[in-house]
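[1] What follows is a predicted structure for the sequence shown.
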Amino acid sequence: MPALPSPPARGAPDACPGAVHLHPAADGLLARIRCPGGLLTAVQLRLLAAVARDHGDGHLELTSRANVQVRAVAAADTGPLAARLRAAGLLPSTTHERVRNILGSALADIDTPAVWDVGAQVRALDAAICAEPDLARLSGRFLFAIDDGRGDTVAVRADVGLLPGPADEVTVLLAGADHGLRARPADAVRVAVAAARAFLDDPDAAAGSAWRLDDLTPAALDRVVFQAGTAPGVRRTARRWQPLTPAGGPVAPVGMRHRPDGDFALVVAVPLGRLTVDQVDLLTAASPQLRITPWRGVVLPRVTDPAGWADRLARAGLVTDPDSPWLGVTACAGLPGCARSRADVRADAAATHTGRPAPTGGVPAPGSRNRLPVHWIGCERGCGSPAGPVVRVTATGDGYQIDAPDRTSIRLPIGAALGAAVQTAREEP
Ligand code: SF4
């Protein structure tokens, strides 16, 4: 698969959208609200939906880092929007708002007993990041991950990942790799902050040439690893963590889950990551706590009458069927929201994967279980690509180019049997 284009050199201003620094898009300003660990209360998610209704286009967009976006905000609305977020606890820091990028294992303590309390670790790391003035210099692309031991969040090659293991030992991964750094759970957050500071203090990062650890030269990464290894609470080991295959296959499973304590949880996918206000009303009625997932879904950690709620949510357009053709299908904004786009990729993706007639010649598509994720994009920039192996479907202006991992690209003109070709590309090689 061709590499995605590199981001601009770090010397350029950080254009990542935030809730205070909004991004100008073709359909208005775009606000991105960080939701560390994807953790939201029902009150907060309802507030976000009200913000989208009052100041945006009436939808919430879920991102690949489990954050939430509001589109089409008017310039005059930016102040009121920020004030409402701040009052709801969704904007605890103005200086650090764009660097609170923390993934957490969304199914922690739901399908397996917890190794540690992911939510508590996420909240502690969020507070520690915001309390460290230097970390406001991180780019909005820098990513932390707190895993529950299954390896799902660290598999996304976060800049700093914390993976708890047996014997009260946490593996501290840098740039997605194990460099032999270990910490006790009680020290793990402090070590994560120290690792981020080591990155910022490195001459290469300080010179403005790196947004993330992956942008560093091997020699510079070695320096950061060495410096992080000197932080209080870190010990070194020759052992190396073996990457895990996250449970659930390439496409996240949805539906009802039995919790170890006997209760039920519900995992819901959101078609193309766009939630309506009505859908938010239902989700928040079903559960007082919610977790946004990096695969554009929502986990309801504890639900009474899960079958009833699954039915109601499905009738509202959300996905609770593990065989749904929507699973694993994502798309960037495309037209009309993004002026760079060569097509309305959401409309084409919807038509292709649900079998409705499409301008690009969609055909009925089978379910998505055990298939590679597919991401539709309006240009080569590839915004919002999910982590890991993925089929990319890129608008070309007169059709789409399909790129499957480690396989040849196919270009199809508009009118070709695009749906069948995409489904073939999603078959694991
Ligand atoms: S991938 Fe291209 S078309 Fe899609 S949102 Fe990003 S810049 Fe716009």
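    Structure received. Numbering: from 1, shown residues only.
[2] in the stretch 101-250 of the chain, which segments are predicted with low confidence?
    Scanning the stretch 101-250 of the chain for pLDDT under 70 picks out the ranges 242-250.
[3] ok, which stretches of it are strands?
    For the stretch 101-250 of the chain, the strands defined by DSSP state E, counting those that start in this stretch cover 102-104, 144-146, 160-164, 170-174, 177-183, 234-236.
[4] got the contact list for residue 50?
    Going by C-beta atoms under 8 Å, 6 or more residues apart in numbering, residue 50 touches 84, 277. For glycine as for every other residue, the C-beta is placed from the backbone atoms N, C-alpha and C.
[5] now the strand or helix carrying it: mean pLDDT?
    Assigned by DSSP states H and E, residue 50 belongs to helix 42-55. Mean pLDDT, helix 42-55: 98.
[6] Output that helix as CSV, restricted to C-alpha atoms.
    Extracted in CSV, the C-alpha atoms of helix 42-55 (Å, rounded to 0.1, in the frame of the first residue of the first chain):
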residue,chain,number,x,y,z
ALA,A,42,-24.3,10.8,29.7
VAL,A,43,-24.6,14.5,30.8
GLN,A,44,-21.4,15.4,28.9
LEU,A,45,-22.5,13.5,25.7
ARG,A,46,-25.9,15.2,25.8
LEU,A,47,-24.1,18.5,26.2
LEU,A,48,-22.0,17.8,23.1
ALA,A,49,-25.1,16.9,21.1
ALA,A,50,-26.7,20.2,22.2
VAL,A,51,-23.5,22.0,21.1
ALA,A,52,-23.7,20.3,17.7
ARG,A,53,-27.4,21.2,17.4
ASP,A,54,-27.0,24.9,18.5
HIS,A,55,-23.6,25.7,17.0
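[7] Starting from whichever helix or strand comes after that helix, tell me which strands it pairs with and how they run.
    Sequence-wise, the next helix or strand downstream of helix 42-55 (DSSP H and E) is strand 59-62. Here strand 59-62 is paired, per DSSP bridges, with strand 68-73 (antiparallel), strand 274-276 (antiparallel).
[8] Export those to TSV and append columns for distance to residue 408, mean neighbour count and mean pLDDT.
    As requested, the strands paired with strand 59-62 are exported to TSV (distance: least, C-beta to C-beta, whole Å; neighbours: other C-beta atoms under 10 Å; pLDDT from 0 to 100):
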stretch	distance to residue 408	mean neighbour count	mean pLDDT
strand 68-73	34	24	98
strand 274-276	32	21	97
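[9] who wins for proximity to the ligand among the ones you listed?
    Among these, the nearest to the ligand by C-beta to the nearest ligand atom is strand 68-73 (10.9 Å).
[10] Verify the contact between residue 199 and residue 215 for me.
    No. If you go by C-beta atoms under 8 Å, residue 199 and residue 215 don't touch, sitting 9.9 Å apart.
[11] what about those two, which has more around it?
    The residue with more neighbours, out of residue 199 and residue 215, is residue 199; 30 against 21, by other C-beta atoms under 10 Å.
[12] residue contacts, the more buried one?
    138, 142, 159, 205, 210, 213, 216, 224.
[13] The fifth one touches residue 200, doesn't it?
    No. No contact is recorded between residue 210 and residue 200 when judged using C-beta under 8 Å, the distance being 9.7 Å.
[14] who's more crowded, the two?
    Between residue 210 and residue 200, residue 210 has the larger neighbour count (other C-beta under 10 Å), namely 23 against 18.
[15] From residue 137, how far off is the more buried one?
    To residue 137, residue 210 is 12 Å away according to C-beta to C-beta, to the nearest Å.
[16] ok, now residue 108?
    To residue 137, residue 108 is 30 Å away according to C-beta to C-beta.
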